[in-house]
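S.K.: this one's structure only:
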């Protein structure tokens, strides 16, 4: 089997303190819990198998309330895009990424969720000092904080972002400039997402 044919293992990043537990499931449980949620369906009345091929399934045990099955529709079936589970700056929320589609849900009220506009998400980074979960796409970045979406950057690249380091509350990285046919540096204030 080639590397591309091998399934990528989902990421599990619990950097931020959280008051829930969750398990990434390889398949649906034999007995489905009474509470089931399918994302991004706003109707919340789909069965998990209706989410389609490659969906990410989690069993979530919130701090208060009964456990539930959370099913997240697959964005892209491509090993270049992440899938997995991340804790969020707010200890009651979790982030699930399924094939580059990122969802954040309130584990105490799973009908409350957001799907990030960046599609596909290519990288996810926990920045505990800034209390941000950072998402990078092809052209822009989005930061999620304790109060929800903190900011979305302006376009920093024509195609592809390479993150380098954080120093003094500033994110340094590189984006592609088509006119120069080269990578060019950028720096963003992590409080605002604005260029510095």
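M.R.: Thanks, I have the structure now. Every value quoted in this text rests on a predicted model; they were computed, and no experiment measured them.
S.K.: end to end, how far does stretch 164-182 reach?
M.R.: 16 Å (C-alpha to C-alpha, to the nearest Å).
S.K.: now do stretch 185-196
M.R.: Separation of the first and last residues of stretch 185-196 by C-alpha to C-alpha is 11 Å.
S.K.: number of nearby residues for residue 128?
M.R.: 12 (other C-beta atoms under 10 Å). Backbone N, C-alpha and C define where each C-beta goes, glycine included.
S.K.: residues contacting it?
M.R.: Listed by C-beta atoms under 8 Å, 6 or more residues apart in numbering, the contact set of residue 128 reads 15-16.
S.K.: buried residues in the helix or strand of the chain with the lowest mean pLDDT?
M.R.: Using mean pLDDT, DSSP states H and E, the weakest-scoring helix or strand in the chain turns out to be strand 36-39, at a mean of 92. Within strand 36-39, the residues that count as buried by 16 or more other C-beta atoms under 10 Å are 36-39.
S.K.: strands paired with that strand, and their directions?
M.R.: strand 68-72 (parallel) (DSSP bridges).
S.K.: adjacent strands (with direction) for the helix or strand just after the partner strand?
M.R.: Heading C-terminal from strand 68-72, the first helix or strand you meet, by DSSP states H and E, is strand 84-87. With DSSP bridges as the test, strand 84-87 is paired with strand 11-13 (parallel), strand 93-98 (antiparallel).
S.K.: which stretch among the ones you listed comes nearest residue 79?
M.R.: Checking the strands paired with strand 84-87 against residue 79 by C-beta to C-beta gives strand 11-13 as the closest, at 12.3 Å.
S.K.: and the closest one, what's its mean pLDDT?
M.R.: When pLDDT is averaged over strand 11-13, the result is 97.
S.K.: residue 136 contacts residue 164, doesn't it?
M.R.: No. Residue 136 is not in contact with residue 164 according to C-beta atoms under 8 Å; the separation is 11.7 Å.
S.K.: pull out the buried positions in stretch 139-146.
M.R.: Those would be 139-145, for stretch 139-146 by 16+ other C-beta under 10 Å.
S.K.: want to try JSON lines for the residues you listed, with distance to residue 157 as columns?
M.R.: As requested, these are exported to JSON lines (distance: C-beta to C-beta, whole Å):
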{"residue": "139", "distance to residue 157": "5"}
{"residue": "140", "distance to residue 157": "8"}
{"residue": "141", "distance to residue 157": "10"}
{"residue": "142", "distance to residue 157": "14"}
{"residue": "143", "distance to residue 157": "16"}
{"residue": "144", "distance to residue 157": "20"}
{"residue": "145", "distance to residue 157": "23"}
